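Trainee: Please work out how this folds:
(4 chains)
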Number of protein chains: 2
Amino acid sequence: MAHAKVEHDVVIDKLMEVFRSSGYDGSSMATLAEATQLKKASLYHRFPRGKEEMAHAVLSYVADWTQNRIVDVLFSTNTPKERLEVAFKAIDELYDGGRLDCILRALSHGSEANVFQQEIAAIFQLWIDAFTHLALDFGHNQTESDRLAKLVITKIQGTLILARALQQPSLFQEALDELKTSFIS
Amino acid sequence: MAHAKVEHDVVIDKLMEVFRSSGYDGSSMATLAEATQLKKASLYHRFPRGKEEMAHAVLSYVADWTQNRIVDVLFSTNTPKERLEVAFKAIDELYDGGRLDCILRALSHGSEANVFQQEIAAIFQLWIDAFTHLALDFGHNQTESDRLAKLVITKIQGTLILARALQQPSLFQEALDELKTSFIS
DNA sequence: GTCTATAGCTAGATAGAC
DNA sequence: GTCTATCTAGCTATAGAC
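Mentor: Predicted coordinates:
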């Protein structure tokens, strides 16, 4: 089946893989086509407005992922401890234990003025709201819960940068453990 | 003086400005030429190996800046408290109070495999060594000093990302204050 | 929905005058 | 050391067959 239809989810996943490792401008239609095993014209058939639409589609996927794997989990009826564990397991997978870069950062640099800025901000806000809710359920007060939620994001992002720069993924693992402890204690 | 020689430091500064806001692949010879007020051919005269050499020159400048404004300061003979204040003042300037992105991150994505990875890692290591030294002088033990030094980098990088994504530079300012407190207490 | 082929443009890079 | 002019390759995007 040389011309079999490639599943939409698989295409999005491959596009994300390229964007997150090469950035927006560093990802050409040629490399995106190669990664998805589609020809350039086929990509344009699926994403008529080209590369920008592909990046938006990836961000839309990331928003869905966040809703399903973070927000829904942290607002579920399990115990706070259980919710915390499940969410952090997902985060660990998302970044492959500190080896993969964050797609939101990869798409925040670009020659054209930040067309993705609002979408990215909205996704970060999903994370903040969800972790604030969890912290409240752990018994922290509002101020401390806000602080913890932002700490989740800044610690993950900051350690990802250092872990990848120094090629020490373990730094990321340690940070996740420390974060979990911050909620419990 | 239409053809006056543009100072090397000014050229580096303008190149950095473009790279840090547009990333490596997002910065074209045309935009780099426009920013430096030089024609493309003049840039090639100064940087024969083109864009890659320009980025290396910028990273070399950043390494020098780190040596002068961070390492030398933190290894000076002033009191730990004074050294801390001077270094953090420099950091605040470097990122314009949380409004500017980090050049090291801007150069860590690219279509070509990470040609800047080692240079970037070396600069982060300068920061780590300098802040470890400071923490030891504050009376912290070796383990805690290592932790604090890495915390400086991860907290700065992480909060920069969130501050810029949410367009709330104050998050960065707060983080700098918290970091200073971490050393003193 | 996929493909081949190609248009039209912009990228990085160079030659050579001043 | 700066410039204008230009080359070639790679880019985004489209046309049209199957």
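Trainee: residues touching the nearest residue to residue A:24 once chain neighbours are set aside, list them.
Mentor: Excluding its sequence neighbours, the residue lying closest to residue A:24 (C-beta to C-beta, 6 or more residues apart in numbering or on different chains) is residue A:110, at 4.8 Å. Heads up, the C-betas are built off the backbone N, CA and C, glycines and all. By C-beta atoms under 8 Å, 6 or more residues apart in numbering or on different chains, the residues touching residue A:110 are A:23, A:24, A:25, A:116, B:22, B:23, B:26.
Trainee: Next, work out how far apart the residue in chain A that DNA strand D sits nearest to and DNA strand C are.
Mentor: With C-beta to the nearest atom of the strand, the shortest gap between chain A and DNA strand D falls at residue A:50, namely 2.4 Å. The gap separating residue A:50 from DNA strand C is 12 Å, by C-beta to the nearest atom of the strand, to the nearest Å.
Trainee: that older thread, widest-spaced pair of the contacts of residue A:110?
Mentor: Farthest pair in the contacts of residue A:110 (C-beta to C-beta) is A:116 and B:22. Separation: 13.7 Å.
Trainee: gap between residue A:24 and DNA strand C?
Mentor: For residue A:24, the distance to DNA strand C - C-beta to the nearest atom of the strand - is 14 Å.
Trainee: shaky segments in chain A?
Mentor: Applying pLDDT under 70 to chain A flags the ranges A:1-3.
Trainee: quick one: the helices in it?
Mentor: Using DSSP state H, the helices of chain A run over A:8-22, A:29-36, A:40-46, A:50-66, A:72-74, A:80-94, A:103-106, A:117-137, A:142-165, A:170-184.
Trainee: near DNA strand C at all, the second one?
Mentor: Spelled out, it's helix A:29-36. No. Contact between helix A:29-36 and DNA strand C is absent, the nearest approach being 7.7 Å (criterion: C-beta under 7 Å from any atom of the strand).
Trainee: again, but for the third one
Mentor: Yes. Residues of helix A:40-46 are located near DNA strand C by C-beta under 7 Å from any atom of the strand, namely A:40, A:41, A:42, A:45, A:46.
Trainee: elements contacting that helix?
Mentor: Contacts defined by 3 or more C-beta pairs under 8 Å, 6 or more residues apart in numbering or on different chains; DSSP states H and E place helix A:40-46 against helix A:29-36.
Trainee: For chain A, what lies in contact range of chain B?
Mentor: A:21-28, A:31, A:101, A:104-106, A:108-111, A:117, A:120-121, A:124-125, A:150, A:153-159, A:161-162, A:164-167, A:171, A:175 (C-beta under 8 Å from any C-beta of the partner chain).
Trainee: In chain A, which residue sits nearest DNA strand C?
Mentor: For chain A, C-beta to the nearest atom of the strand, closest residue to DNA strand C: residue A:41, 2.9 Å.
Trainee: any idea how far residue A:97 lies from residue A:51?
Mentor: 29 Å (C-beta to C-beta, to the nearest Å).
Trainee: So those two - more neighbours on which side?
Mentor: Using other C-beta atoms under 10 Å in any protein chain shown, the more surrounded residue of residue A:97 and residue A:51 is residue A:51, with 18 against 14.
Trainee: Name the nearest residue to that one, ignoring sequence neighbours.
Mentor: Nearest residue to residue A:51, sequence neighbours excluded (C-beta to C-beta, 6+ apart): residue A:29, at 6.5 Å.
Trainee: Hmm, that neighbour is touching residue A:54, no?
Mentor: No. Judged on C-beta atoms under 8 Å, residue A:29 makes no contact with residue A:54 at a distance of 9.1 Å.
Trainee: the more surrounded of the two?
Mentor: Neighbour count, other C-beta under 10 Å: between residue A:29 and residue A:54, residue A:54 has more, with 25 against 15.
Trainee: which ones are touching the more buried one?
Mentor: Listed by C-beta under 8 Å, 6+ apart, the contact set of residue A:54 reads A:15, A:19, A:32, A:43, A:47.
Trainee: Just put those residues in TSV and tack on neighbour count and distance to residue B:131.
Mentor: TSV is the format used below for the contacts of residue A:54 (neighbours: other C-beta atoms under 10 Å in any protein chain shown; distance: C-beta to C-beta, whole Å):
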residue	neighbour count	distance to residue B:131
A:15	23	39
A:19	24	33
A:32	23	40
A:43	20	46
A:47	18	45
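Trainee: Could I get those in TSV, plus columns for distance to residue B:59?
Mentor: Output for those, formatted as TSV (distance: C-beta to C-beta, whole Å):
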residue	distance to residue B:59
A:15	30
A:19	24
A:32	28
A:43	34
A:47	35
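Trainee: Out of the residues you listed, which comes closest to residue A:68?
Mentor: For the contacts of residue A:54, the nearest to residue A:68 is residue A:15 (18.9 Å; C-beta to C-beta).
Trainee: Which ones, among the residues of helix A:40-46 next to DNA strand C, also lie beside DNA strand D?
Mentor: Here is what survives when those are matched to DNA strand D using C-beta under 7 Å from any atom of the strand: A:40, A:41.
Trainee: Among the residues of helix A:40-46 next to DNA strand C, the buried ones, what's the PyMOL command?
Mentor: This is how PyMOL selects the buried members of the residues of helix A:40-46 next to DNA strand C, with burial counted by 16 or more other C-beta atoms under 10 Å in any protein chain shown:
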select buried, chain A and resi 42
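Trainee: which one of the residues of helix A:40-46 next to DNA strand C is nearest residue B:133?
Mentor: Out of the residues of helix A:40-46 next to DNA strand C, the member with the shortest distance to residue B:133 (by C-beta to C-beta) is residue A:40, at 53.2 Å.
Trainee: So that closest one sits against residue A:34, correct?
Mentor: No. Counting by C-beta under 8 Å, residue A:40 stays clear of residue A:34, with 9.7 Å between them.
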